[in-house]
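sequence and predicted model, in that order:
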Amino acid sequence: QVQLVESGGGLVQAGGSLRLSCAASGRTVSSYRMGWFRQAPGKEREFVGTINRSGGSTYYADSVKGRFTISRDNAKNNVYLQMNSLKPEDTAVYYCAAREAYSSSYRMDGYDYWGQGTQVTVSS
């Protein structure tokens, strides 16, 4: 199995950018489709985006499409979430997750392993 640790969160002003990293250990990240989710206070965890094993295909939630970009570096065992044009409504704890199946999924129960999350706060 794989262990995931997110980093890179913090406080940023609206319109700013952050890059989150997800470091994998225990098993190579290239064995998994990876996803990013987020959970705002008082809300359910929601899908942000996903990337396939090779990094050649991505899919995003409508709320972040055009602003967020997922990438991966399998040689470094890392996955990234580049967030641009941040809005206060992007404030949440961001989680990376690993999925053993090849197919894409936007459902939380479609992912097998989860990190602990990193806080992103966007001020207006």
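Thanks, I have the structure now. Numbers count the residues shown, from 1 in each chain.

residue ranges of the strands in the protein, please?
Assigned strands in the chain, in chain order: 3-7, 10-13, 18-25, 33-39, 46-51, 58-60, 68-73, 78-83, 92-99, 113-114, 118-123 (criterion: DSSP state E).

contacts for the second one?
In other words, strand 10-13. With CB atoms under 8 Å, 6 or more residues apart in numbering as the test, strand 10-13 has contacts from 18, 86, 119-123. Bear in mind the C-beta positions are built from the backbone N, C-alpha and C, glycine included.

any quick PyMOL command for the buried ones out of those?
Per 16 or more other CB atoms under 10 Å, the buried members of these correspond to this PyMOL selection:
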select buried, resi 18+86+120+122
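
ok, T91 to I51 distance?
23 Å (CB to CB, to the nearest Å).

okay, the two: which has more neighbours?
I51 (24 against 18; other CB atoms under 10 Å).

so for S105, which of the strands of the chain sits nearest?
Among these, strand 92-99 comes nearest to S105, with 6.0 Å by CB to CB.

what is that closest one packed up against?
Counting contacts by 3 or more CB pairs under 8 Å, 6 or more residues apart in numbering; DSSP states H and E, strand 92-99 packs against strand 3-7, strand 18-25, strand 33-39, strand 78-83, strand 113-114, strand 118-123.
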